[in-house]
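Enquirer: any chance you could fold what I've pasted below:
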Amino acid sequence: MKRIILSGGGTGGHIYPAVAVAEALRRHYGANAELLFVGAEGKMEMEKVPALGYRIVGLPIAGMQRRLEPRNLAVPFKAVLSVLRARRIIRDFGADVVVGFGGYASGPVLWTAQRMGVPTIIQEQNSYAGVTNKILARGARRICVAYEGMERFFPADRIVHTGNPLRGRFCKQGADRGEALRHFGLAAAKPVVLVVGGSLGTRTLNEMMKAWVLSLGGAPAPVQVIWQTGRYYEREMREFLAAHPTDGVWQGPFIDRMDYAYAAADLVISRSGACTVSELCLVAKPTIFVPSPNVAEDHQTKNARALADRGAALMVRDDQAVASAMPLAVGVLGDPARLASLSRGIEALAIDDSAERIVGEIVKLIG
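Expert: Numbering: from 1, shown residues only. As a prediction, this is how the structure comes out:
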């Protein structure tokens, strides 16, 4: 029996890569592996992971708030308590290996495992490594990365280029485009832009769409749009579109069939979180990234820049996107050679067996 701890959370970008690897571990080991997730109390993994059928325990770890707040005083005590609890969890579970995917909990769990002599693996999703992973890398046996050039952060002899593990199946062929267009009520005669900003939504991309609709002045739109507004902005954007009806625009808070959205889209405008970038590489969609400026260490800009510098995507700064991203998209859609070049460039970065590659590294360590 192999006993494996997976730790990560706080956001879906940390949780779902860990779950993807858990699924691959079950495929590889079957009943011969016992898996345990370790998360942070009060964070989304404590709800999401059990809902997917996995056991999880929580640590009281919390991050330091950027503003001066009284709760920051408790952070050092929670860190010490988390290390002590992590030690007990690792010992009682009898872990053979600990795999960290980022987030609050992975720091104390991996740090403790390394001091207990338990092998550790780090999975770094972004093109710019976070401070915690750079520290933990000193004691890690393997560092699984999604981007080239990570030697500037980690010991080169321990880096393995695995890509980012994703749940679900994403591929260039995907769903039938005709079915996808009918699903969204769109026509085959005009190109389609997919605007997607996450489950809660993105103010910048929604304001971009409002500005573009207003710029049409009631004239027929040159392209069609699948516009995912996010739950937070749903009512506001629905009322806006009702007041400014525009043919060829599908609008909704969520997209329940992302396979259809990708199949219908000729070009995507999106944030550049690590898992989103990996999905877009697999579906080979020409993409304009609008990185969020509100993330740690500005890693979305660095993710987007890593692709843009290779001609695999375009990038528009958040403070310029409202005015310029949709006009850029319309222009690119009118240039078939540029579309094809962007598709080839982003497809070249795709890795479709990332979870299996990471499991392969686990197997090398523990058999």
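Enquirer: my read: residue 339 touches residue 268, true?
Expert: No - counting by CB atoms under 8 Å, residue 339 does not reach residue 268; the two are 11.5 Å apart. C-beta: built from backbone N, CA, C; applies to glycine.
Enquirer: list residues touching both of these two?
Expert: residue 286 (CB atoms under 8 Å, 6 or more residues apart in numbering).
Enquirer: those two: which has the busier surroundings?
Expert: More neighbours surround residue 268 than the other of residue 339 and residue 268, with 25 against 17 (other CB atoms under 10 Å).
Enquirer: name the element that one belongs to?
Expert: Using DSSP states H and E, residue 268 sits in strand 267-270.
Enquirer: residue closest to the middle of this structure?
Expert: The residue lying closest to the centre of the chain (CA atoms, centre = their mean) is residue 275, at 2.5 Å.
Enquirer: one step back: what is the mean pLDDT for the strand holding residue 268?
Expert: Here strand 267-270 scores 98 as its mean pLDDT.
Enquirer: stretch 276-286 now?
Expert: 96.
Enquirer: hmm, who's touching that stretch?
Expert: With CB under 8 Å, 6+ apart, stretch 276-286 has contacts from 146, 163-164, 166, 170-172, 174, 194, 196, 258, 262, 265-268, 270, 287, 289, 303-304, 307, 312-313, 332, 338-339, 342-344, 346-347, 349-352, 354.
Enquirer: which of the residues you listed are buried?
Expert: 146, 163-164, 166, 170, 174, 194, 196, 258, 262, 265-268, 270, 287, 289, 303-304, 307, 312-313, 332, 339, 342-343, 346-347, 349-351, 354 (16 or more other CB atoms under 10 Å).
Enquirer: inside helices: which ones of those?
Expert: 258, 262, 303, 304, 307, 332, 339, 342, 343, 346, 347, 354 (DSSP state H).
Enquirer: where are the low-confidence patches of the stretch 51-200 of the chain?
Expert: Residue ranges of the stretch 51-200 of the chain with pLDDT under 70: 63-75.
Enquirer: now stretch 305-314, how far from the chain's geometric center?
Expert: Put simply, stretch 305-314 sits 17 Å off its chain's centre (CA atoms, centre = their mean, to the nearest Å).
Enquirer: endpoints of that stretch, how far apart?
Expert: 8 Å (CA to CA, to the nearest Å).
Enquirer: what average pLDDT does that stretch get?
Expert: 97.
Enquirer: can you give me the buried ones in that stretch?
Expert: In stretch 305-314, counting by 16+ other CB under 10 Å, buried: 305, 306, 307, 308, 312, 313, 314.
Enquirer: and which of these is nearest to residue 212?
Expert: residue 314 (16.5 Å; CB to CB).
Enquirer: give me the beta-bridge partners of the closest residue to the closest one other than its chain neighbours?
Expert: The shortest distance from residue 314 to any non-neighbouring residue, by CB to CB, 6 or more residues apart in numbering, is to residue 288 (4.6 Å). With DSSP bridges applied, residue 288 shows beta-bridge pairing to residue 269, residue 314.
Enquirer: now do the helices in this protein.
Expert: 12-29, 45-51, 75-93, 106-115, 131-136, 177-184, 203-216, 234-243, 258-264, 274-283, 299-308, 318-333, 336-347, 354-366.
Enquirer: with residue 3 as the reference, measure out to the closest residue to residue 249 other than its chain neighbours.
Expert: Leaving aside its chain neighbours, residue 249 sits nearest to residue 225 (4.8 Å; criterion: CB to CB, 6+ apart). Taking CB to CB, to the nearest Å as the measure, residue 225 falls 49 Å from residue 3.
Enquirer: with residue 284 instead?
Expert: 38 Å.
Enquirer: give me the more crowded residue out of these two.
Expert: residue 284 (22 against 15).
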